[in-house]
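Student: dropping the sequence and predicted coords here.
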Amino acid sequence: MPNLANENTSPSLDLSYLLEIGKNNNAFVEKMLTHFMSDIPSLLAGLKKSIELSDAAGVKLSAHKAKSVAGYLNDEVLHRLMQEIEEDGVKNTIQEATKLKFKKASIRFSKLCEEIEKML
């Protein structure tokens, strides 16, 4: 069944991919989640700054890194938003729409971080 989530649905933490690549090793999953929790704030701050400066290369790089985190957390909506922001960087078309996507992505990351904090 396809994931029908959109930007307006609350994300739910899905650790299935981390468990798969970690071979069901809970210590590995915890280590990865701790790593994400420490990296996400600076990653988003860098992306926000790059968007504000219309720094296409910075947007592309930061969005690509954030897209990877979204993939590990199995959040298809967040992954798609980061893909679109990355493409804006590649095409050097950083506009108000990019800022809106970033805002939506930031909210989703924040909600995922809240879920991670509950687990750790």
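Tutor: Yep, that arrived.
Student: for this protein, longest helix please?
Tutor: helix 26-52 (DSSP state H).
Student: list the buried ones in it?
Tutor: Buried positions in helix 26-52, judged by neighbour count with 16 or more other CB atoms under 10 Å: Val29, Met32, Leu33, Phe36, Ile40, Leu43, Leu44, Gly46, Leu47, Lys48, Ser50, Ile51. Placement of C-beta: from N, CA and C, glycine included.
Student: could you find the closest non-adjacent residue to the third one?
Tutor: To tie it back to what came earlier, the one meant is Leu33. If the residues on either side of it in the chain are set aside, Leu33 comes closest to Ile116, at 5.1 Å by CB to CB, 6 or more residues apart in numbering.
Student: distance of the one you found from Ile94?
Tutor: Taking CB to CB, to the nearest Å as the measure, Ile116 falls 29 Å from Ile94.
Student: comparing those two, which residue is more hemmed in?
Tutor: Counted by other CB atoms under 10 Å, Ile116 and Ile94 do not tie: Ile94 has more neighbours, with 22 against 19.
Student: what about this protein, any weak spots by pLDDT?
Tutor: Residues of the chain meeting the criterion pLDDT under 70: 1-10.
Student: just the helices in it please.
Tutor: Assigned helices in the chain, in chain order: 16-21, 26-52, 56-72, 76-91, 96-119 (criterion: DSSP H).
Student: could you check the angle the fourth one makes with helix 96-119?
Tutor: Between the axis of helix 76-91 and that of helix 96-119 there is an angle of 140 degrees, by axes from the mean of the first three to the mean of the last three CA atoms, to 10 degrees.
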